[in-house]
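J.: A predicted structure for the sequence below; I have some questions about it.
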Amino acid sequence: MNANTGDRLLVHGNTVGERERAGVITEVQGMDGGPPYIVRFDDGHTGLVFPGPDAVVVPK
């Protein structure tokens, strides 16, 4: 998985009833666009994310 600052990260819910989370990647800390990422989620929360197989990067 590779990303750039400004791309969106979508994390799909992996259990029934869990909603999708989405946010903007504000910082890429891995080499060559790899994880981890600092993400500002749409709910205002900011955190360090190591995306799993349930995550998708949407280029800006």
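T.: Received, thanks. Residues are numbered from 1 along each chain as shown.
J.: only C-alpha atoms for contact and neighbour calcs from this point on.
T.: Noted.
J.: so who does the spatially most central residue of the chain touch?
T.: Central residue of the chain (CA atoms, centre = their mean): residue 9, 3.3 Å from the mean position. By CA atoms under 8 Å, 6 or more residues apart in numbering, residue 9 lies in contact with 22, 23, 24, 25, 39, 55, 56, 57, 58.
J.: and the first one, helix, strand or coil?
T.: The three-state assignment at residue 22 reads strand, by DSSP: H, G, I helix; E, B strand; the rest coil.
J.: which residue is the nearest non-sequential neighbour of it?
T.: residue 10 (4.5 Å; CA to CA, 6 or more residues apart in numbering).
J.: list the neighbouring strands of the strand or helix carrying the one you found plus their orientation.
T.: Using DSSP states H and E, residue 10 falls within strand 8-11. Using DSSP bridges, the strands paired with strand 8-11 are strand 21-28 (antiparallel), strand 55-58 (antiparallel).
J.: ok, and what's touching the first one?
T.: Looking back up the chat, that one is strand 21-28. Contact with strand 21-28 is made by 3-13, 34-42, as judged by CA under 8 Å, 6+ apart.
J.: and those, which of them are in helices?
T.: Judged by DSSP state H, helices contain none of the contacts of strand 21-28.
J.: one step back: what's the most buried one of the strands paired with strand 8-11?
T.: Looking across the strands paired with strand 8-11 with neighbours counted as mean count of other CA atoms under 10 Å, the highest average goes to strand 21-28: a mean of 20.
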